[in-house]
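Novice: coordinates only, sequence not included:
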């Protein structure tokens, strides 16, 4: 998880520029892990006009995945995309609430990618690492981090399911699935009213794509 100071230099155009430079190497990408995350408690608008949490958690993840698809296709049938979401996906401007909404969109978008690209030989998975004791969590959620000090997971424990998803035979996994502790987990809690995000993902995806396309000429 990033904090706002680490994020300042990360502009959307830089994400696209990286993807284009990497694509020019013309090498297969077997596994793409979308792990960048941000909880900015203040409403910060970056130079390109996007709110910072949205830019990192939603738009950055979308752009990276879409732009890397040609290289992922070179690694089929074993290619896969793993998006690190959160267990805090249910839930005036509030950085934590914004983060939760962003992470909910990631889960819904993963489901959409699995549907859209099911014939390309690429698996799409989202996962919850559990709450780990990291510098990012300590900076973004100091009270939470302090109250649970010594009880949170280590970074290695948080990464365990990511590595497991990267190495498991694809026939044992469900593309579009949400995973926790090496097992598929429910995407919605009862009475949480979170299924709406999945119902409107087509509209969200169209908006994200228009943002991506509208900036192609600036790279």
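Specialist: That came in fine, so what should we check first? Here the structure is a predicted model, which is why all the values come from computation and not from measurement.
Novice: my guess is residue 61 meets residue 109, correct?
Specialist: Yes. At 7.5 Å, residue 61 counts as touching residue 109 under the criterion of CB atoms under 8 Å. To be clear about C-beta, it is placed using only N, CA and C from the backbone, and glycine gets the same treatment.
Novice: shared neighbours of the two, anything?
Specialist: A shared contact of residue 61 and residue 109, defined by CB atoms under 8 Å, 6 or more residues apart in numbering, is any residue touching both; here these are residue 83.
Novice: could I get the full set of strands for this protein?
Specialist: Listed in chain order, the strands of the chain (DSSP state E) span 31-34, 79-84, 122-128, 178-180, 183-184.
Novice: check which helices and strands the longest one sits against.
Specialist: In terms of contacts (3 or more CB pairs under 8 Å, 6 or more residues apart in numbering; DSSP states H and E), strand 122-128 is packed against helix 61-73, strand 79-84, helix 95-116, helix 155-167, strand 178-180.
Novice: just the ones you listed: most buried one?
Specialist: When neighbours are counted by mean count of other CB atoms under 10 Å, the highest per-stretch mean among these falls to strand 79-84, a mean of 24.
Novice: point to the residue nearest the middle of the protein.
Specialist: residue 83 (4.3 Å; CA atoms, centre = their mean).
Novice: so that residue is in contact with residue 110, correct?
Specialist: Yes. Using CB under 8 Å, residue 83 and residue 110 qualify as a contacting pair, with a distance of 5.3 Å.
Novice: which neighbours do these two have in common?
Specialist: Residues within reach of residue 83 and of residue 110 at once, by CB under 8 Å, 6+ apart, are 124, 125, 126.
Novice: of the residues you listed, which is the most crowded?
Specialist: With neighbours taken as other CB atoms under 10 Å, the top of these is residue 126, carrying 29 neighbours.
Novice: distance of that one from residue 48?
Specialist: Between residue 126 and residue 48 the distance is 26 Å, computed by CB to CB, to the nearest Å.
Novice: low pLDDT regions in the protein?
Specialist: 1-11, 41, 86-98, 136-138, 140-142, 144-145, 188-199, 214-219 (pLDDT under 70).
Novice: one more pass at 50, please.
Specialist: 1-9, 88-93, 191-193, 217, 219 (pLDDT under 50).
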